[in-house]
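Chemist: what's the 3D shape of this:
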Amino acid sequence: MAGLGDGSRWPQPVVLPIGLAALLWPVARRPARLTVAVRAAVPAVLSGAVTAAVFVSGREALSGPGEIATLLCLLLIAVRDCQVRWAVVCGVLDAAAVLALPYREASGESSVNPFGMLLPVCAVAGLAGYLRVLDHRRRVAVTETQRAERLAMAADLHDFVAHHVTGILVQTQVAQLLATTDPERLNTILTDVERSATEALASMRRTVGLMREVPETGNTGRHPAGDLAALPELVEGFSGPVGPKAALHRDPSVPEGLPHEVQVAAYRVVQEALTNVRRHAADATEVTVGLAHDGRVLEVTVCDDGRGGTRLPQAARGGGFGLVGLTERVTALGGALRTGPSPEHRGWEVTATLPAEKTSR
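Modeler: You can find the predicted model right below:
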């Protein structure tokens, strides 16, 4: 191995395999006790112990590039992925292990000069810290997007349930009056009350998982909840005088009486997909929006023929979190969202499948 010269080779077979195992051990086969902190700290401690043993024995032993590279990789992982407390501890251990390694200087003499490896250690630690900050910002952005979507769904749920509960209240008051004047009409009214209550409960079951957080005060932002009836206007407005040609194909199998929250989700899927066409496929000339229903599932498809060759400036493309919110909404309803190249290789396709049984009006 390069860099050994006439020095002893024995420290490397001891440290290098342990370090490589910590780096390359497959995640699927890795025991739970081998946490990031353990994998970063153990090779560093072992390397330090070997270096100390060599120094005490007075023997000459030089480190090779493999050992140095392995410890630097472990330093990167420790600073980036460990919890803050352990990131400091493991980072110091890995950095100290690298700085303490004996190596051969350009003059050919063996040396343990910490300043010789200080620049690589600082560079790796700085890169790891930068990546850690990026990961944190990404997690915060995703969390905020999911929270905003939860609040939007909570508002939609409130409007939907309030509509049915109000209807239940009114029909109950009428039923009380008819109990003495026209008892024969009670059966029809009670049937409507039962239907409204069932629909309201079904909506709450679909979205209760998204309402674990308590909304903070001061959030008065409300955006209108579209539905399938508003899709023609949305698609027509997307085309405009200069936009790509957009067409809505609604299969006759799609019923009118779909659950409100399903219609809102379908509208949002189309809205976000059209927005992404503007941002990422400005060269598209045709966009097709399709709605189909097989009796149990509503399928929403948005497909464009853009190649991505013409895009808006970076600042106008958004943060890439629109699909995060859509996925949150669609999966909460028991559906699935897929994005990728269209099967015909014409462009990009967004497909959402939403469980949607027809409801009575």
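Chemist: which residue ranges form the helices in the stretch 1-150 of the chain?
Modeler: With DSSP state H, counting those that start in this stretch as the criterion, the stretch 1-150 of the chain has helices at 11-24, 36-57, 65-81, 84-100, 118-181.
Chemist: can you redo these as a markdown table with mean pLDDT, mean neighbour count and distance to H280?
Modeler: (Glycine included, C-beta is placed from N, CA and C.) Formatted as a markdown table, the helices of the stretch 1-150 of the chain follow (pLDDT from 0 to 100; neighbours: other C-beta atoms under 10 Å; distance: least, C-beta to C-beta, whole Å):
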| stretch | mean pLDDT | mean neighbour count | distance to H280 |
| --- | --- | --- | --- |
| helix 11-24 | 78 | 17 | 36 |
| helix 36-57 | 83 | 19 | 35 |
| helix 65-81 | 87 | 22 | 29 |
| helix 84-100 | 88 | 20 | 36 |
| helix 118-181 | 78 | 15 | 18 |
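Chemist: out of these, which is closest to L274?
Modeler: With C-beta to C-beta, the closest approach to L274 among the helices of the stretch 1-150 of the chain belongs to helix 118-181: 18.0 Å.
Chemist: between helix 65-81 and the closest one, find me the angle.
Modeler: On the basis of axes from the mean of the first three to the mean of the last three C-alpha atoms, to 10 degrees, helix 118-181 is oriented at 30 degrees to helix 65-81.
Chemist: ok, W348 touching D283?
Modeler: No - contact criterion C-beta atoms under 8 Å: W348 and D283 do not qualify, at 11.6 Å.
Chemist: who's more crowded, the two?
Modeler: W348 (22 against 16; other C-beta atoms under 10 Å).
Chemist: give me the phi and psi for the residue nearest to that one when sequence neighbours are not counted.
Modeler: With C-beta to C-beta, 6 or more residues apart in numbering as the criterion, W348 has its nearest non-adjacent residue at 5.7 Å, and that residue is D304. Main-chain torsions, D304, degrees, to the nearest 10: phi -120, psi 170.
Chemist: what's around D304, how many residues?
Modeler: Other residues close to D304 by other C-beta under 10 Å number 27.
Chemist: who touches it in this structure?
Modeler: 244, 277, 281, 284, 286-288, 346-349 (C-beta atoms under 8 Å, 6 or more residues apart in numbering).
Chemist: restricted to helices, list the residues you listed.
Modeler: V277 (DSSP state H).
Chemist: filter the contacts of D304 to the buried ones?
Modeler: Buried residues within the contacts of D304, counting neighbours by 16 or more other C-beta atoms under 10 Å: 244, 277, 281, 284, 287-288, 346-349.
Chemist: give the buried residues for the helix or strand hosting R268.
Modeler: Using DSSP states H and E, R268 sits within helix 260-280. Judged by neighbour count (16+ other C-beta under 10 Å), helix 260-280 contains these buried residues: 260-274, 276-280.
Chemist: that helix - contacts with which helices or strands?
Modeler: When contacts are defined as 3 or more C-beta pairs under 8 Å, 6 or more residues apart in numbering; DSSP states H and E, helix 260-280 sits against helix 118-181, helix 186-207, helix 231-239, strand 286-293, strand 297-304, helix 322-332, strand 348-355.
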